[in-house]
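Enquirer: Sequence and computational prediction follow.
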Amino acid sequence: MTRLQRTVSVVHRQGLHARPAALFVQTAKRFDCRVTVKKGRKIVDGKSIMGLLTLAANAGARIVIMTEGTDASEALEALARLVTEPLPEPSKSPK
């Protein structure tokens, strides 16, 4: 079974909170592999919004994204990109 990990720095101004955490979880859930995220000694389920929020990963924080399973490589690429690149602007609905 494929097991991968990558250490990345959070670039988002607000860190891995609210919208970035929700997007991370939505992305992680698209994959079959197991996703875990580590910050310091704390390890959480990458498919759990509450887990991610408890990491308190602020801007500049270094986290380790770990994936394990059949689509681990694709998941790791997508999740690392989400944390290290600016978020897409939310679409504004017409009033």
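Expert: All right, it came through fine.
Enquirer: residue nearest the centroid of the chain?
Expert: residue 24 (4.2 Å; CA atoms, centre = their mean).
Enquirer: Not counting sequence-adjacent ones, nearest residue to that residue?
Expert: What sits nearest to residue 24 in space, not counting adjacent residues and going by CB to CB, 6 or more residues apart in numbering, is residue 82, at 5.7 Å. Bear in mind the C-beta positions are built from the backbone N, C-alpha and C, glycine included.
Enquirer: pLDDT score for that neighbour?
Expert: pLDDT recorded at residue 82 is 94.
Enquirer: Any figure for the gap between residue 61 and residue 30?
Expert: To residue 30, residue 61 is 24 Å away according to CB to CB, to the nearest Å.
Enquirer: tell me the SS of the residue nearest to the centre of the chain?
Expert: Counting by DSSP: H, G, I helix; E, B strand; the rest coil, the backbone at residue 24 sits in helix.
Enquirer: Residue 37 now?
Expert: strand.
Enquirer: Would you list the phi and psi of the residue nearest to it when sequence neighbours are not counted?
Expert: Leaving aside its chain neighbours, residue 37 sits nearest to residue 46 (4.7 Å; criterion: CB to CB, 6+ apart). Backbone torsions for residue 46, taken as degrees, to the nearest 10, come to phi -70, psi -10.
Enquirer: List the buried residues of stretch 73-83.
Expert: Residues of stretch 73-83 classed as buried by neighbour count (16 or more other CB atoms under 10 Å): 75, 76, 78, 79, 80, 82, 83.
Enquirer: any idea how far the nearest residue to the third one once chain neighbours are set aside is from residue 83?
Expert: Leaving aside its chain neighbours, residue 78 sits nearest to residue 27 (5.5 Å; criterion: CB to CB, 6+ apart). Using CB to CB, one gets 10 Å for the distance from residue 27 to residue 83.
Enquirer: ok, which stretches of this protein are strands?
Expert: Under the criterion DSSP state E, the chain contains strands at 3-9, 34-39, 42-45, 62-68.
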